[in-house]
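Undergrad: coordinates only, sequence not included:
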Ligand SMILES: Nc1ncnc2c1ncn2[C@@H]1O[C@H](COP(=O)(O)OP(=O)(O)OP(=O)(O)O)[C@@H](O)[C@H]1O
Ligand SMILES: [Mg+2]
């Protein structure tokens, strides 16, 4: 068995108000898995994703991702870790509206010190693969939601992340755009990308994930493998 990409062990997180957000959570994810995290609002899904992303730290327990003890990183270390090891996509895309599509995608590579020419070449290739090459010089505000999310995916993939994290990647999309993003996630998974997605979208979980983890009240209530993805309906992403 390969080294796990994610290993959460006995993770607890208690915010000052209210009940514990995560209670003794242990979870191991191996390379190539596509995991959907489901659960009611307030159950701790985003808190768990933030732990994995190094955006928050557990009160106790350990978080290891791609060989890095994420719970031990300081702020600079966590930023470097996010840059080098993970790609993130969000419900509302989080693109920089005053940068062009190309510059948004190039940014993470520039922050690692990659030469601008090389970064632009790599970004252009990704945008071509994701079917949005014609928009390279556009500003994100001009694009549809589905197109914006594809730009966000290109940006997330720019530094060849060991892990792609998604928090409600279809949450702000109409159903057609949502389908495009799902098709894209299926393709990335088929290419071997390890993916963890938090979602309320059951079809996203059913069609894009090989494993579904359900969180209730800060604890893992079930963990089901559904390999291969239930619906093997790979839709060709529009080029
Ligand atoms: N920064 C914070 N400060 C205080 N409490 C927090 C903070 N972040 C989360 N919580 C609390 O922790 C619990 C879990 O929140 P979390 O955001 O992880 O839920 P979620 O499962 O992602 O919910 P949703 O589906 O609504 O996004 C909730 O009770 C929430 O109010
Ligand atoms: Mg959330």
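TA: Now that the structure is in, tell me what you want to look at. Just so we're clear, the structure is a prediction, and the values are computed from it rather than from any experiment. Ligands and ions are numbered 1, 2, ... in the order given.
Undergrad: for the protein, which residues are neighbours of ligand 1?
TA: Contact residues (Cβ under 6 Å from any ligand atom) of the chain with ligand 1: 15, 17, 18, 21, 39, 41, 42, 43, 44, 45, 46, 47. For every residue, glycine as well, the C-beta is placed using N, CA and C.
Undergrad: what's the neighbour count on the third one?
TA: So that's residue 18. Residue 18 sits with 8 neighbouring residues when counted by other Cβ atoms under 10 Å.
Undergrad: can I assume it sits in a strand?
TA: No. Assigned with DSSP: H, G, I helix; E, B strand; the rest coil, residue 18 falls outside any strand and is coil.
Undergrad: show me the residue at the heart of the chain, geometrically.
TA: residue 165 (1.6 Å; Cα atoms, centre = their mean).
Undergrad: and that one, which of the three is it?
TA: strand.
Undergrad: please name the bridge partners of it.
TA: Here residue 165 sits in beta bridges with residue 88, residue 196, going by DSSP bridges.
Undergrad: from the residues of the chain next to ligand 1, which land in strands?
TA: If you go by DSSP state E, those have nothing in strands.
Undergrad: which of these are buried, as a ChimeraX select command?
TA: A single ChimeraX command selects the buried members of the residues of the chain next to ligand 1 (16 or more other Cβ atoms under 10 Å):
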select :21,39,43,44,45,46,47
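Undergrad: residues touching the residue nearest to the centre of the chain, list them.
TA: By Cβ atoms under 8 Å, 6 or more residues apart in numbering, residue 165 lies in contact with 49, 52, 53, 86, 87, 88, 89, 195, 196, 197.
Undergrad: and the residues you listed, which is closest to residue 134?
TA: Residue 134 lies nearest to residue 89 out of the contacts of residue 165, by Cβ to Cβ, at 21.0 Å.
Undergrad: for residue 171, see how far away the closest one is.
TA: 11 Å (Cβ to Cβ, to the nearest Å).
Undergrad: for the two, work out which one has more neighbours and name it.
TA: Remark: of residue 89 and residue 171, residue 89 carries more neighbours, 25 against 16, as counted by other Cβ under 10 Å.
Undergrad: so who does that one touch?
TA: Applying Cβ under 8 Å, 6+ apart, the residues near residue 89 are 149, 152, 153, 156, 164, 165, 166, 167, 169.
Undergrad: again with residue 193
TA: Contact analysis of residue 193 by Cβ under 8 Å, 6+ apart lists 32, 34, 157, 164.
Undergrad: tell me the average confidence for the longest helix seen in the chain?
TA: Longest helix of the chain, by residue count under DSSP state H: helix 175-190. Helix 175-190 shows an average pLDDT of 92 in the prediction.
Undergrad: I'd like to know which elements it is packed against.
TA: When contacts are defined as 3 or more Cβ pairs under 8 Å, 6 or more residues apart in numbering; DSSP states H and E, helix 175-190 packs onto helix 145-157, strand 195-198, helix 202-208.
Undergrad: list the buried ones in it?
TA: 177-189.
Undergrad: neighbour-wise, which of the contacts of residue 165 leads?
TA: Neighbour max across the contacts of residue 165 (other Cβ under 10 Å) = residue 196, 27 neighbours.
Undergrad: wait, what's in contact with it?
TA: So residue 196 contacts 6, 29, 35, 37, 49, 52, 163, 164, 165, 166 (Cβ under 8 Å, 6+ apart).
Undergrad: could you do residue 120 as well?
TA: Contacts of residue 120 by Cβ under 8 Å, 6+ apart are 102, 106.
Undergrad: same thing with residue 185?
TA: Residue 185 neighbours (Cβ under 8 Å, 6+ apart): 34, 166, 169, 195, 197, 204, 208.
Undergrad: among those residues, which two are most distant?
TA: 34 and 169 (12.1 Å).
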